[in-house]
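A.B. asks: Model the following, please.
(one chain, ligands or ions: 2)
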Amino acid sequence: MDLMSHSSSFLLPCIPPSSEDKKTYALILLNQPLPKFTPLLWNHAKLCLCADGGANRVFDEMPLLLPQQDPLLVRNRYKPDVIKGDMDSIRTEVKDFYANLGSQIVDESQDQDTTDLHKCVSFIQDANPNVDKSDLCILVAGALGGRFDHEIGNINVLCKFSDIRIVLISDDCLIQLLPRTHRHEINILSSVEGPHCGLIPIATASAKATTSGLQWDLDDTEMKFGGLISTSNIVREETITVQSDSDLLWTISIQKPT
Ligand SMILES: Nc1ncnc2c1ncn2[C@@H]1O[C@H](COP(=O)(O)OP(=O)(O)OP(=O)(O)O)[C@@H](O)[C@H]1O
Ligand SMILES: Cc1ncc(C[n+]2csc(CCO)c2C)c(N)n1
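C.D. replies: Numbering: from 1, shown residues only. Ligands and ions are numbered 1, 2, ... in the order given. The predicted structure follows:
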């Protein structure tokens, strides 16, 4: 079984130039308060998309995250490449502002069966046919901490696109899928993430998993809702390994800036 390596180096101001971290990042901004480190994520991303009302957040909140700078200059600099969704939340002045700056506006109001996040992930997939999927990593800002139906819809996108690396990010934590098709090695950047973490079975009745590097490791241990799931676990080593017979969600806390 192949090994898949993970590192949250996108949370660092400069991504170390080691070959492991040579990923092509894309950023999707959702209609939720922007995490404080959004400018940093944006600087790492080759492509920035707003999911519908996410454009209002960029327009309203990016200047607040960079209070020393002129709001208009900030708005001009942090221009989304694409705004896509069913366009029922973006304000007209915001749509006009970014359309005038050259953002591509993709109105998919006819599709009321997939979420705006799903529509944005599809766009990135279609826009990068030549990028090896293992080199692509989609960062999703504002995916957690809001309406529960939206949060679960956002996690469902991880399951729908299980062959693409997608990381859901809030100010407090990140979540990603660990597909059962691979063994996983998670390199912990202890200056920016942890120690609290969790491993949660998803889209399965139960999962048997084996881990190393955690305070409460699993040893071919069964996890299921209604039984044991690994919440409030603690990272103990720099490298965590995970293997499971079913897909798992990995979540780890993000440290607050001091
Ligand atoms: N409260 C929230 N919590 C988590 N994610 C959210 C929340 N609100 C929006 N999102 C995410 O941002 C995307 C765009 O949000 P937007 O409000 O434009 O969607 P929407 O389709 O108008 O939602 P709805 O009509 O259900 O309110 C959503 O697809 C979802 O992924
Ligand atoms: C069974 C079922 N439940 C809810 C919706 C509604 N819905 C799901 S995604 C979406 C678009 C949001 O931008 C909307 C309106 C549906 N179509 N089918």
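A.B. asks: Output the set of residues of the stretch 101-250 of the chain in proximity to ligand 1.
C.D. replies: Within the stretch 101-250 of the chain, the positions near ligand 1 by CB under 6 Å from any ligand atom are 115, 116, 117, 143, 146, 147, 150, 151, 153, 154. All C-beta atoms are positioned from the backbone trio N, CA, C, and that covers glycine.
A.B. asks: Please identify the helix or strand for residue 217.
C.D. replies: Counting by DSSP states H and E, no helix or strand carries residue 217.
A.B. asks: Name the nearest residue to it, sequence neighbours excluded.
C.D. replies: Leaving aside its sequence neighbours, residue 217 sits nearest to residue 211 (CB to CB, 6 or more residues apart in numbering; 4.8 Å).
A.B. asks: do the same with residue 85
C.D. replies: That would be residue 52: by CB to CB, 6+ apart, it lies 2.8 Å from residue 85.
A.B. asks: Okay, buried residues for the strand or helix carrying residue 98 please.
C.D. replies: If you go by DSSP H and E, residue 98 is part of helix 92-101. Using 16 or more other CB atoms under 10 Å as the test for burial, helix 92-101 gives 94, 95, 97, 98.
A.B. asks: now do stretch 66-84
C.D. replies: In stretch 66-84, counting by 16+ other CB under 10 Å, buried: 66, 74, 75, 78, 80, 81, 82, 83, 84.
A.B. asks: do you know how far the first one is from residue 37?
C.D. replies: To residue 37, residue 66 is 12 Å away according to CB to CB, to the nearest Å.
A.B. asks: now the third one
C.D. replies: Taking CB to CB as the measure, residue 75 falls 19 Å from residue 37.
A.B. asks: returning to what we had before: tally of neighbours for the residue nearest to residue 217?
C.D. replies: 21 (other CB atoms under 10 Å).
A.B. asks: Can you give me the distance of it to ligand 2?
C.D. replies: 34 Å (CB to the nearest ligand atom, to the nearest Å).
A.B. asks: Not counting residues beside it along the chain, what's closest to the residue of the stretch 151-258 of the chain found nearest ligand 2?
C.D. replies: Residue nearest to ligand 2 within the stretch 151-258 of the chain: residue 153 (7.1 Å; CB to the nearest ligand atom). Spatial nearest neighbour of residue 153, excluding adjacent residues (CB to CB, 6+ apart): residue 115 at 4.9 Å.
A.B. asks: wait, that neighbour sits on residue 157?
C.D. replies: Yes: with contact taken as CB atoms under 8 Å, residue 115 and residue 157 are classed as touching, separated by 7.0 Å.
A.B. asks: For these two, work out which one has more neighbours and name it.
C.D. replies: residue 157 (25 against 21).
A.B. asks: Would you check how far apart the more buried one and residue 81 are?
C.D. replies: For residue 157 relative to residue 81 (CB to CB), the value is 19 Å.
A.B. asks: show me which of the buried residues of stretch 66-84 neighbour ligand 2.
C.D. replies: Subset of the buried residues of stretch 66-84 in contact with ligand 2: empty, counting by CB under 6 Å from any ligand atom.
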